[in-house]
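Enquirer: Need a 3D model of the sequence below.
(one chain, ligands or ions: 1)
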Amino acid sequence: MLKFDRQHIWHPYTSPTNPLPVYPVASADGVRLRLTDGRELIDGMASWWCAIHGYNHPRLNAALQEQAAKMSHVMFGGLTHEPAVKLAHTLIDITPTNLQKVFFCDSGSVAVEVAMKMALQYRAAQGSEARTFLTIHGGYHGDTLGAMSVCDPVTGMHQIFGNALPSQFFARRPTCRNDAEWRDNDIADFRRQLETHQHEIAAVIMEPIVQGAGGMHFYAPEFLRQVRKLCDEYGLLLILDEIATGFGRTGTMFACEHADIVPDIMCLGKAITGGYMSFAATLTTEAVSELIGSNGGIFMHGPTFMANPLACAVASASLELLLEMDIPNNIGRIAKGLKRGLADCRELPTVSDVRVFGAIGVVEMREAVDLAVIQKMFVERGVWIRPFGRLIYVMPPYIICDNDLNVITSQMVEVISAL
Ligand code: PMP
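Expert: As a prediction, this is how the structure comes out:
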């Protein structure tokens, strides 16, 4: 199996001819991945932020099976169904009240493309020529061309794809941490960019409070409040990409709640189906949808698998589970465990920073780690952690117990000490 995989199957972010090693997994249950050789790994990644309720969850399995017995898929052009309507109801209930319109799509990157297209069509309907997005450095929004164009130009993929990407405006990344005192000049560059380019800007797009794959930065909620204020002053739409942060990860249902602000367009993905399948949604306001729809306007996007009933059904079941959970309490418990467990990393000479926010724990190294080497060390110690660059980070399923969390953090301390 491994030989065929290596010869024929591409894996993410690795060489197609000399790929990094992969580990064959046979099954997964709760917070454990079971490899084909019988070894069990405690999962620190929730499969890239998604599997918030753990694997093989009986209620998610049941939702999927019940829906499969009715219909797995029908096209969404000209048809609708209860799973989509039910899920849209819940999403409208749990997101900020101004967001009343739901566009279902296939993946996070597509949700971002959809958000950008909504903003472009909105601006066009306003009679504006503005076609460029303003964002901040350090962001990550996905791997499609539009989404890549607003990823950080240095840590992102701009060097490889160059001018195939639309060129966007980038303001300085906030330097105030989420827990630090606010400094007014943190917003100065963003304000300057807005002043200078206001007539060219289609919308502002950013991740709220946590910048994920662009560097795992946590920034001050005040920055987001200031961004919202400036967008209002200049009459610009604010797109928040909650794909990684949404559904409880930071201790509130959505990260924008830390700043007590609301976006005009919100992208959701990843944990939306509890990690069961690829699915996403882009939500917006009546005002945006009214203007796009004015003068017979139609919104030009419609994926084949839009509002896939299986995905909608499992998403509704996942949200039910989430709504039964005391989010602040449980995420607070995980945050406490991560803080306590990772504290010893601070003393290590190879470590430049340790930070925790919600159920996200990050150890930033001074140098990039050798992924193949460190991955093997973690697997040998029974934990699943997948670092990138200088970042060794975890965001476990919310159901992780204190003991398993302790195993993860103590193995991180051991492995990092041994580097
Ligand atoms: N936005 C953010 C903030 C993300 O973290 C990701 C995925 N890492 C995406 C967009 C893209 O999502 P997907 O991989 O599902 O296309």
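
Enquirer: pLDDT wise, what is residue 156 at?
Expert: At residue 156, the pLDDT value in this model is 76.

Enquirer: contacting residues for it?
Expert: Applying CB atoms under 8 Å, 6 or more residues apart in numbering to residue 156 gives the contacts 139, 140, 148, 214. Yep, even glycine has a C-beta here, placed from its N, CA and C like the rest.

Enquirer: ok, of those, which one's closest to the ligand?
Expert: Comparing those against the ligand with CB to the nearest ligand atom places residue 140 closest, at 5.4 Å.

Enquirer: In strands only, show me the contacts of residue 156.
Expert: Assigned to strands by DSSP state E, none of the contacts of residue 156 qualify.

Enquirer: Same list, the residues you listed, but as CSV with neighbour count and pLDDT please.
Expert: Below are those laid out as CSV (neighbours: other CB atoms under 10 Å; pLDDT from 0 to 100):
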residue, neighbour count, pLDDT
139, 25, 97
140, 25, 97
148, 22, 96
214, 20, 95
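
Enquirer: what's the first-to-last distance across stretch 198-212?
Expert: Taking CA to CA, to the nearest Å, stretch 198-212 runs 27 Å from one end to the other.

Enquirer: do that stretch and the ligand meet at all?
Expert: Yes. Legend: contact between stretch 198-212 and the ligand by CB under 6 Å from any ligand atom is shown at 207, 212.

Enquirer: quick revisit: put together JSON lines for the contacts of residue 156, with distance to the ligand on each row.
Expert: Output for the contacts of residue 156, formatted as JSON lines (distance: CB to the nearest ligand atom, whole Å):
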{"residue": "139", "distance to the ligand": "8"}
{"residue": "140", "distance to the ligand": "5"}
{"residue": "148", "distance to the ligand": "10"}
{"residue": "214", "distance to the ligand": "8"}
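
Enquirer: Please report the distance of residue 175 from residue 235.
Expert: Distance, residue 175 to residue 235, using CB to CB, to the nearest Å: 28 Å.

Enquirer: same deal with residue 264?
Expert: In terms of CB to CB, residue 264 sits 11 Å off from residue 235.

Enquirer: Please say which of those two ends up with more neighbours.
Expert: Using other CB atoms under 10 Å as the criterion, residue 264 and residue 235 rank with residue 264 on top: 26 against 9.

Enquirer: is the nearest residue to the more buried one once chain neighbours are set aside in a bridge, and if so with what?
Expert: In space, and not counting its chain neighbours, residue 264 is closest to residue 237: 4.2 Å by CB to CB, 6 or more residues apart in numbering. With DSSP bridges as the criterion, residue 237 is bridged to residue 203.

Enquirer: For the stretch 101-250 of the chain, what lies in contact range of the ligand?
Expert: So far as CB under 6 Å from any ligand atom goes, the stretch 101-250 of the chain lies against the ligand at 107-109, 112, 140-142, 207, 212-213, 241, 243-244.

Enquirer: Reformat those residues as CSV; add secondary structure.
Expert: Listed next are those as CSV, based on DSSP: H, G, I helix; E, B strand; the rest coil:
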residue, secondary structure
107, coil
108, helix
109, helix
112, helix
140, coil
141, coil
142, coil
207, coil
212, coil
213, coil
241, strand
243, coil
244, coil
